[in-house]
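**Q** everything below, folded, please.
(one chain, ligands or ions: 1)
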Amino acid sequence: MAASAHDQQLPEAISEEALARIQASSDSASLEALRVEYLGKKGRLTGALRALGSLAPAERPAFGQRVNRAKEALDAALAARGEELRLRRREAALEASAVDVTLPGFGPTPGRPHPLSRTLTEICDVLGGMGFTVEEGPEVEDDYHNFEALNMPADHPARDMQDTFFVGDDRVLRTHTSPVQIRVMERQPPPLRIIAPGAVYRNDDDATHSPMFHQVEGLMVDRGVTFAHLKGVLTTFLRRVFEREVGVRLRPSFFPFTEPSVEVDVGCVVCGQRGGECRVCKGTGWLEILGAGMVDPAVFAHVGYDPEEFTGFAFGVGVERIAMLKYGIDDIRLFYGGDLRFLRQF
Ligand SMILES: [Zn+2]
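**A** Have a look, this model is predicted:
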């Protein structure tokens with residue numbers, strides 16, 4: 001206990017000293033120590049009361065009152081200082097957390113469609129406007145619908161073109177949306193005009209390939225459907241999707257489920273078909289954009305359509321490919337990274 005200069009133990013002297021020390025205290029621990037030192041069971045002011053017994057009876061009431069007044073003054077000072085220190089701690093904590101409460105608040109951020117959703121919606125809108133209706137099918141397919149019925153029996157070399165994810169006996173993650181064609185034709189007689197948008201899966205992963213990507217499959221079957229219809233539909237479709245008069249070029253190709261088959265190119269949307277130094281089309285002026293062809297009679301045989309009576313065309317277009325060209329995106333992985341800085345540009 002600190003030695004006191006006020007050995008005479010007058011309550012006013014003790015209280016005066018205590019009040020000064022309370023005012024100077026800087027934290028709640030030292031404040032508590034002062035309370036014990038002056039007001040505790042063995043405290044100095046409590047000790048002053050004990051001196052009461054040695055006083056003449058006539059002086060006792062007055063002295064007792066002086067001690068009580070001193071105690072009340074100390075109690076009040078301790079409480080006031082305690083509150084002051086509490087507020088100071090709170091202020092320091094607020095300052096440390098660096099919240100500027102005068103800044104305006106954040107409003108709700110409006111969401112917007114992902115560029116792939118947007119592109120997919122546009123593709124469906126354009127083809128929907130041409131009379132195609134949307135069909136869906138399972139993403140986990142059986143071997144029959146993904147390969148066999150599309151004229152790719154087991155051991156067909158074309159199966160190697162699609163790096164397949166197998167998920168069990170006879171089950172694959174569909175490698176294209178073409179199995180939806182089969183499922184629709186199995187349950188519905190011609191004529192039909194459908195598109196099947198959705199996710200497809202290939203074991204492939206780099207700047208232009210993703211293990212999951214999106215396709216839109218198109219199929220039209222009726223009496224008298226010809227290659228001219230295919231070309232007309234695709235030319236109109238591509239010009240509407242790219243919102244300009246792009247050139248369209250067909251090159252002979254091979255797919256097991258169409259015969260004849262074509263790869264379809266559009267005039268480069270970046271250089272306007274000029275080529276030259278353009279890196280997107282590598283100077284050719286053309287971009288490969290989709291695959292198509294007349295439905296192979298062997299496919300019709302699987303679903304019970306009469307190839308002598310009906311003909312049809314099918315095409316498959318990559319949604320990411322269209323979105324990348326439309327919006328000038330050079331890495332397919334940006335679509336799936338979830339980076340808001342990227343997504344907010346659309
Ligand atoms: Zn180009």
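**Q** who are the contact partners of residue 178?
**A** 146, 150, 217, 257, 314, 316 (C-beta atoms under 8 Å, 6 or more residues apart in numbering). Using the backbone N, CA and C atoms, a C-beta is placed for each residue, glycine as well.
**Q** actually residue 22, not the one I wrote
**A** By C-beta under 8 Å, 6+ apart, the residues touching residue 22 are 31, 34, 74, 77, 78, 81.
**Q** any idea of the pLDDT on it?
**A** pLDDT, residue 22: 93.
**Q** residue 4 too?
**A** In this model, residue 4 carries a pLDDT of 36.
**Q** next one: residue 88
**A** 91.
**Q** from residue 13, how far off is the residue of the stretch 51-200 of the chain found nearest the ion?
**A** Proximity of the stretch 51-200 of the chain to the ion (C-beta to the ion) peaks at residue 119, 19.6 Å away. Distance, residue 119 to residue 13, using C-beta to C-beta, to the nearest Å: 88 Å.
**Q** returning to what we had before: got CSV for the contacts of residue 178, with neighbour count too?
**A** Rendered in CSV, the data for the contacts of residue 178 read as follows (neighbours: other C-beta atoms under 10 Å):
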residue, neighbour count
146, 25
150, 26
217, 23
257, 23
314, 25
316, 22
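**Q** need the contact list for the residue of the stretch 51-200 of the chain closest to the ion.
**A** By C-beta under 8 Å, 6+ apart, the neighbours of residue 119 are 319, 322, 323, 326.
**Q** look up how far the ion lies from the first one.
**A** With distances taken as C-beta to the ion, to the nearest Å, residue 319 is found 21 Å from the ion.
**Q** now do the contacts for the residue lying closest to that residue once chain neighbours are set aside.
**A** Nearest non-adjacent residue to residue 319, counting by C-beta to C-beta, 6 or more residues apart in numbering: residue 214, 3.8 Å away. Going by C-beta under 8 Å, 6+ apart, residue 214 touches 116, 120, 197, 198, 199, 200, 318, 319, 320.
**Q** where helices are concerned, which of these count?
**A** 116, 120, 319, 320 (DSSP state H).
**Q** didn't the last one look like it was pressed against residue 212?
**A** Put plainly, it is residue 320. No: here residue 320 lies out of contact with residue 212, judged by C-beta atoms under 8 Å, at a distance of 9.9 Å.
**Q** ranges for the helices of the stretch 201-346 of the chain?
**A** 227-242, 297-303, 319-327, 340-343 (DSSP state H, counting those that start in this stretch).
**Q** nearest to residue 185, of those helices?
**A** With C-beta to C-beta, the closest approach to residue 185 among the helices of the stretch 201-346 of the chain belongs to helix 297-303: 3.9 Å.
**Q** buried ones in the closest one, by neighbour count?
**A** Neighbour counts over helix 297-303 (16 or more other C-beta atoms under 10 Å) mark 299, 300, 302, 303 as buried.
**Q** just stretch 146-165 next, same as before
**A** In stretch 146-165, counting by 16+ other C-beta under 10 Å, buried: 146, 147, 148, 149, 150, 151, 152, 159, 162, 164, 165.
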